[in-house]
Structure formats: C-alpha cells, structure tokens
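Engineer: okay, structure incoming, though there's no sequence with it:
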Ligand code: ZN
C-alpha cells in the first residue's frame, strides 16, 4: 500500500440510514432496505465518483455538485447521480421507526393555517405521489412562509428550486416493489401513517424559518 498518500476526507460517501436496516419492519422490509440502500443508493454514489473524477466537480460538496451540474436546467450527466444521492439521504431521514402520527408545534400551526387540517395536506401529498408519472419524488416543503406540496420527476430535487424540503417520499418503483409490488397507493399511505418522521420535518422547518429570517435581516 502507498504510505505517502495524504489523508483526505472523502466528500462523497454512502451514508447509512439513521436506523438499522430492519428497523422499519413490517412497513418497509429489511430486504427492501438491503436493495434500495445497499444497491441502488450505493450505485448512485459509486457512479457519481466515477463521473466526476478528473473534472472540475471533483472535491466539491454534494450540494455544490448538484447545483453546478444542473447547469441552469440543461443538466450534465452527473446531475442525476448527485441528486439521487442527496434525495436518498433525505428520504431515509424523512422516516423513523414508530413514525406517523401527527405533527406538532409551529409545523402543525402552519399546516392548519395553509391547509385547514393535516388530513387535507396529506391528501394533497398523496395525490402528488400518485400522479407523479413514472419515477420521481413527492415533497412537503416550505416556500415564502407557507407549507407547500411539490413533486419532481426522476432525480430532480428542491436544491435547484426555491423551496425548502421538509419531507420526501421516493416513488421510484425500486422503493416499494418488493413490499407492495405495483401498489404505490398502499406504499404511500403506509409511509404517511407509519413511517413519516414529523420530528425531522419540524427540525427542517425551524432551520428554514431561521434561514429566511437571517436573510431578510441582511
Ligand atoms: Zn430510491
């Protein structure tokens, strides 16, 4: 082994989900996590590293790679892998064992103000997830002081738009086929009822509100 290579922090890594691979059973099986995280997510990381080796994107942080490779709406080939790495990190942390239930605090207040009820918001979220034709993502977000529902095709993610993501559900078939086959509606309902992490959504909302406040104070 070469001993003279300086230790450099790898900017791109396959982050593990913040729970064990069987922790979301029975709603998302260990087998699904083994394939979805262990194979699909890993492949996005590995392919991205190969794609950017020797290019000006090498050595940049993931979010910078995403924004630069989006290239103003004419994405470079590395955009898809970079955005998919980020989206999957965000998806794993949008769920937790014992998830579901109800949001609380500022998040609940904004939802009730903007949508009347959590159920009405989640109906809209579910519709976004079900009407995303083919592969993609459905997001709860925070935009201009309001809670919003958005959907994106393929790898496209909010970093190239003007809203802060709070929660995402992956509606690529690879997210649910092993557990739910073609039943995307059952998967999305289970995500909402049993898996969603409202804690994560609240934390992200707090950050987005603080960031907006410090921006407007400038
Ligand atoms: Zn996925």
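Structural biologist: Received the coordinates, thanks. Computed from a predicted structure; not experimentally measured.
Engineer: where do the strands of this structure begin and end?
Structural biologist: Taking DSSP state E, the strands of the chain run over residues 136-143, 146-153, 164-170.
Engineer: give me the buried positions along the longest helix belonging to the chain.
Structural biologist: Longest helix in the chain, counting residues (DSSP state H): helix 198-216. Buried residues in helix 198-216, counted by 16 or more other Cβ atoms under 10 Å: 198, 200, 201, 202, 204, 205, 208. Every C-beta, even on glycine, is put in place using the N, C-alpha and C of the backbone.
Engineer: lowest-confidence one in these?
Structural biologist: The member of the buried residues of helix 198-216 with the lowest pLDDT is residue 208, at 95.
Engineer: and the nearest residue to that one once chain neighbours are set aside, what does it touch?
Structural biologist: The shortest distance from residue 208 to any non-neighbouring residue, by Cβ to Cβ, 6 or more residues apart in numbering, is to residue 164 (3.7 Å). When contacts are counted by Cβ atoms under 8 Å, 6 or more residues apart in numbering, residue 164 touches 141, 142, 143, 158, 204, 205, 207, 208, 211.
Engineer: how far away is residue 164 from residue 36?
Structural biologist: Distance, residue 164 to residue 36, by Cβ to Cβ, to the nearest Å: 25 Å.
Engineer: with residue 58 instead?
Structural biologist: Separation of residue 58 from residue 36 (Cβ to Cβ) stands at 27 Å.
Engineer: close to the ion: what parts of the chain are there?
Structural biologist: 170, 172, 175 (Cβ under 5 Å from the ion).
Engineer: I'd like to know how many residues surround the last one.
Structural biologist: Residues near residue 175, counting by other Cβ atoms under 10 Å, number 24.
Engineer: residue 193 too?
Structural biologist: Counted with other Cβ under 10 Å, the neighbours of residue 193 add up to 13.
Engineer: for it, which non-adjacent residue is closest in space?
Structural biologist: Using Cβ to Cβ, 6+ apart and skipping the chain neighbours, the partner closest in space to residue 193 is residue 100 (4.8 Å).
Engineer: you'd agree the one you found is up against residue 189?
Structural biologist: No - the criterion here is Cβ atoms under 8 Å, and residue 100 misses it with residue 189 at 10.3 Å.
Engineer: list the contacts for residue 111?
Structural biologist: For residue 111, the contacting residues are 103, 117, 118, 121, 147, by Cβ under 8 Å, 6+ apart.
Engineer: of these, buried ones?
Structural biologist: Counted by 16+ other Cβ under 10 Å, the contacts of residue 111 give 103, 118, 121, 147 as buried.
Engineer: save the strands of the chain as JSON lines, and put in mean pLDDT too.
Structural biologist: Listed next are the strands of the chain as JSON lines, based on pLDDT from 0 to 100:
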{"stretch": "strand 136-143", "mean pLDDT": "98"}
{"stretch": "strand 146-153", "mean pLDDT": "97"}
{"stretch": "strand 164-170", "mean pLDDT": "98"}
